[in-house]
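K.L.:
show me the folded form of this:
(one chain, ligands or ions: 1)
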Amino acid sequence: MRKAETKNGNSLAAGKKVLKNSQTGDMAAASAKNQIEMDCYMERFHRHSDELRWLYMELYDNGSMFAELCENMRSFYRERGEDLKALDQSREKRPDWYKQNDMLGMMFYIDNFAGNMKGVEEKLEYLETCNVNYIHLMPFLDTPKGRSDGGYAVSDFRRVQEKLGTMEDLESLTAACHKKNINVCMDFVMNHTSEDHEWARRARQGEGEYMSRYFFFDNYDIPAQYERTVPQVFPTTAPGNFTWLPDIGHYVMTTFYPYQWDLNYKNPRVFNEMMYHFLFLANRGIDIVRIDAVPYIWKELNTQCRNLPKVHTIVRLMRLISEIVCPGILLLGEVVMEPEKVVPYFGTVEKPECHMLYNVTTMATTWHTVATRDVGLLKKQLDIVNSLPKEYLFLNYLRCHDDIGWGLDYNTLKMGGIEERPHKKYLNDYFQGYIDGSCSRGELYNADPVTGDARFCGTTASMCGIEKAGFEQDEEGMERAIRKDLMLHAYMFMQSGIPVLYSGDEIGQVNDYSYKEDMDKAADSRYIHRGAMNWELAKRVKDSSTIEGKIFMGLNQLEQIRRQECVFVSQADTWTIETWDPGVLCIGRYYNGEKLIGLFNFCELDRTAWIDEEDGDYTDLISGKRMKAKGVDIPAYGYYYLKKDKE
Ligand code: GLC
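P.N.:
Next up is the predicted model:
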């Protein structure tokens with residue numbers, strides 16, 4: 001008995017010892033791991049710290065704020081989850097991870113798509129059937145009801161809107177997405193905060209510290225000077241760039257809506273705090289950060305307050321900060337400007353800024369081509385994009401949540417006798433369906449009575465004629481509209497860069513006019529194309545006799561081809577080819593010995609594309625037909641993906 005006791009006692013003691021040893025072992029292993037991780041952080045920090053300090057000092061000349069920034073960067077790194085750190089490391093080893101031919105995005109409003117974040121998590125399988133591996137969750141942070149600008153007026157950068165879920169739900173969603181290799185994109189609205197944000201509330205109470213985070217003026221002298229040079233973003237729905245606050249007798253700068261107060265990045269406190277929010281959100285598992293309205297973030301009197309050099313300093317600082325703390329994430333700049341203003345946001349090859357930018361001029365030019373059935377300008381625009389370094393990655397799209405501004409190359413159009421003002425009117429009339437031969441439906445946005453300018457809103461399907469044909473029960477018109485819709489997607493997939501679908505487009509969702517009954521939305525016609533996903537219609541995606549099925553399956557085929565063919569990687573050569581027919585666009589792609597020719601008929605008549613590609617046989621990947629790439633007959637709104645046979 002005693003023996004046994006002793007034995008047991010001994011073994012207990014031994015057990016404790018083993019436990020203790022293994023605990024010390026675990027602790028030692030953990031601390032060694034921490035050390036390795038910290039070394040990895042320090043290595044990145046040292047790689048970039050000179051430039052980081054240099055730029056920060058140039059902007060703020062404030063050593064203690066810089067030290068605070070560095071201290072916080074380190075804390076955010078420590079707080080970053082193990083899985084995310086591992087992802088960072090693997091992405092650092094494959095810096096081209098996001099430039100492959102499998103990348104396909106989809107953007108949606110969480111409530112429209114699936115009610116809330118949990119709902120989105122339940123819909124990941126649907127997204128997989130759409131071949132999507134990148135989702136852009138439209139703004140979901142706290143925002144005041146009725147004064148939200150679709151969520152772009154953030155009142156708390158660390159809280160999810162209650163109706164959509166919680167930060168934990170976001171983390172759970174990003175983790176679930178990562179398990180399925182889906183990347184998650186979110187907006188970082190850094191130009192302004194909502195007037196309900198704590199800083200704004202305290203500023204409104206007269207706290208100087210917080211007033212200095214915005215632009216306040218106690219009389220109209222300086223605002224008047226700004227107004228002389230600063231254009232308006234919302235000339236009809238929110239005219240002017242300043243808002244009078246009678247309660248405190250001050251004007252505040254509001255480039256967008258009066259409830260969106262512009263932040264003053266001359267104040268280093270603003271920059272630092274916004275960077276902490278950025279890192280906090282990155283640590284929730286975000287892969288792609290869309291920097292909202294980035295050209296606007298620096299203001300100077302007597303300028304347009306857009307694209308100023310210091311904007312680039314800030315973006316470069318952000319890039320350096322993310323390279324150090326969370327190198328796996330990508331920066332997507334929202335620069336809705338003419339091409340020469342857009343491209344600088346890539347930075348240089350040695351000092352990059354954004355990883356990706358929207359191909360906005362190409363998008364607008366695409367719709368111009370639909371309305372004019374003349375591919376001339378589009379060809380020129382694609383040639384400009386194709387001549388840029390391959391490191392510059394564009395995000396291609398047909399429609400997004402915003403209006404289409406007619407930012408076209410009017411100098412070129414002028415040479416063909418087309419003037420800006422009447423042409424914008426023509427495009428708006430065409431897409432509203434006022435012009436003979438137009439089957440489009442949609443509404444104007446911010447029609448400015450002074451300049452005569454107006455932008456346009458509508459879904460892809462409605463702009464292609466699906467709404468009209470459906471309403472008129474015009475079967476032939478419907479076939480034509482579906483073909484046009486698919487042709488536009490096929491062409492969009494051929495462009496160099498990453499394609500992003502607008503949720504609902506995969507089933508041909510048409511305009512939603514119900515926003516007019518909602519007081520909070522009625523004044524903003526962008527809501528016409530922000531309708532809720534119709535899951536009843538989505539049930540038909542496998543039925544090829546339905547509109548939804550035809551579009552979904554047509555897209556699915558294109559998506560499969562894109563994934564299979566290496567010519568769709570971003571590094572491929574992309575160029576345009578003359579077709580000698582104004583209605584037909586031809587794009588070539590070449591990569592690693594493989595060649596693909598895309599032909600797209602933008603007009604309602606059958607055409608012949610007089611391309612004369614070199615001898616050899618081609619196979620149309622869409623129909624499987626063997627063809628020659630010479631004098632190709634192409635039906636109305638038809639499209640081919642001609643792949644050159646291997647010799
Ligand atoms: C961006 C958004 C737009 C919003 C604006 C102001 O342009 O895309 O929807 O109104 O920023 O935040």
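
K.L.:
now do the strands in the stretch 201-350 of the chain.
P.N.:
216-217, 242-245, 250-253, 260-262, 288-291, 330-333 (DSSP state E, counting those that start in this stretch).

K.L.:
for residue 540, find the nearest of the ones you listed.
P.N.:
Closest of those to residue 540 is strand 288-291, at 31.1 Å (criterion: CB to CB). For glycine as for every other residue, the C-beta is placed from the backbone atoms N, C-alpha and C.

K.L.:
and the contacts of that closest one?
P.N.:
The contact list for strand 288-291 (CB atoms under 8 Å, 6 or more residues apart in numbering) reads 134, 136, 183-188, 190, 278, 281-282, 315, 318, 322, 329-334, 354, 356.

K.L.:
filter these down to the ones close to the ligand.
P.N.:
When contact is defined as CB under 6 Å from any ligand atom, those meet the ligand at residue 334.

K.L.:
is whatever residue of the stretch 451-600 of the chain ends up closest to the ligand in a helix, a strand, or coil?
P.N.:
The minimum distance from the stretch 451-600 of the chain to the ligand, using CB to the nearest ligand atom, falls at residue 526 (7.0 Å). Using DSSP: H, G, I helix; E, B strand; the rest coil, the structure places residue 526 in helix.

K.L.:
isn't it right up against residue 405?
P.N.:
No. Here residue 526 does not reach residue 405: they are 11.7 Å apart, not a contact under CB atoms under 8 Å.

K.L.:
about what we covered before: the contacts of strand 288-291, buried ones only, as a ChimeraX selection?
P.N.:
Per 16 or more other CB atoms under 10 Å, the buried members of the contacts of strand 288-291 correspond to this ChimeraX selection:
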select :134,136,183,184,185,186,187,188,190,278,281,282,315,318,322,329,330,331,332,333,334,354,356
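
K.L.:
so which of the contacts of strand 288-291 belong to helices?
P.N.:
Among the contacts of strand 288-291, DSSP state H puts 278, 281, 282, 315, 318, 322 in helices.

K.L.:
and the second one, how far is that from residue 167?
P.N.:
Meaning residue 281. 9 Å (CB to CB, to the nearest Å).

K.L.:
check the fifth one too.
P.N.:
As defined by CB to CB, residue 318 lies at a distance of 22 Å from residue 167.

K.L.:
what of the first one?
P.N.:
Relative to residue 167, residue 278 is positioned 15 Å away (criterion: CB to CB).

K.L.:
show the model's pLDDT score for the residue of the stretch 451-600 of the chain closest to the ligand.
P.N.:
pLDDT, residue 526: 97.

K.L.:
what does residue 616 give?
P.N.:
pLDDT, residue 616: 87.

K.L.:
report the buried residues of stretch 637-644.
P.N.:
For stretch 637-644, the buried set under the neighbour-count rule, 16+ other CB under 10 Å, comprises 637, 638, 639, 640, 641, 642, 643, 644.

K.L.:
do the same with stretch 123-143
P.N.:
Neighbour-count burial for stretch 123-143 flags 123-124, 126-127, 130-143 (criterion: 16+ other CB under 10 Å).

K.L.:
so which of the residues you listed sit within helices?
P.N.:
124, 126, 127.

K.L.:
in a markdown table: those residues, plus distance to the ligand and pLDDT.
P.N.:
Below are these laid out as a markdown table (distance: CB to the nearest ligand atom, whole Å; pLDDT from 0 to 100):
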| residue | distance to the ligand | pLDDT |
| --- | --- | --- |
| 124 | 25 | 98 |
| 126 | 25 | 98 |
| 127 | 22 | 98 |
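
K.L.:
so how far is the ligand from residue 634?
P.N.:
As judged by CB to the nearest ligand atom, to the nearest Å, residue 634 and the ligand stand 35 Å apart.

K.L.:
I should have written residue 292 there, sorry.
P.N.:
According to CB to the nearest ligand atom, residue 292 and the ligand sit 5 Å apart.

K.L.:
neighbours around the closest residue to that residue other than its chain neighbours, how many?
P.N.:
Nearest-residue entry for residue 292: residue 189, 4.4 Å, with adjacent residues in sequence omitted and distances by CB to CB, 6 or more residues apart in numbering. The tally of other residues near residue 189 (other CB atoms under 10 Å) stands at 27.

K.L.:
correct me, but residue 189 touches residue 152?
P.N.:
Yes. The pair residue 189 and residue 152 passes the contact test of CB under 8 Å, sitting 5.3 Å apart.

K.L.:
what's the overlap in contacts for these two?
P.N.:
Between them, residue 189 and residue 152 share these contacting residues under CB under 8 Å, 6+ apart: 139, 292, 293.

K.L.:
so which strand or helix has the closest residue to residue 622 other than its chain neighbours?
P.N.:
Nearest residue to residue 622 in three dimensions, chain neighbours excluded: residue 641, at 5.5 Å (CB to CB, 6+ apart). Using DSSP states H and E, residue 641 sits within strand 639-644.

K.L.:
check the protein for the residue nearest the ligand and tell me.
P.N.:
Closest to the ligand within the chain is residue 152: 3.3 Å, counting by CB to the nearest ligand atom.
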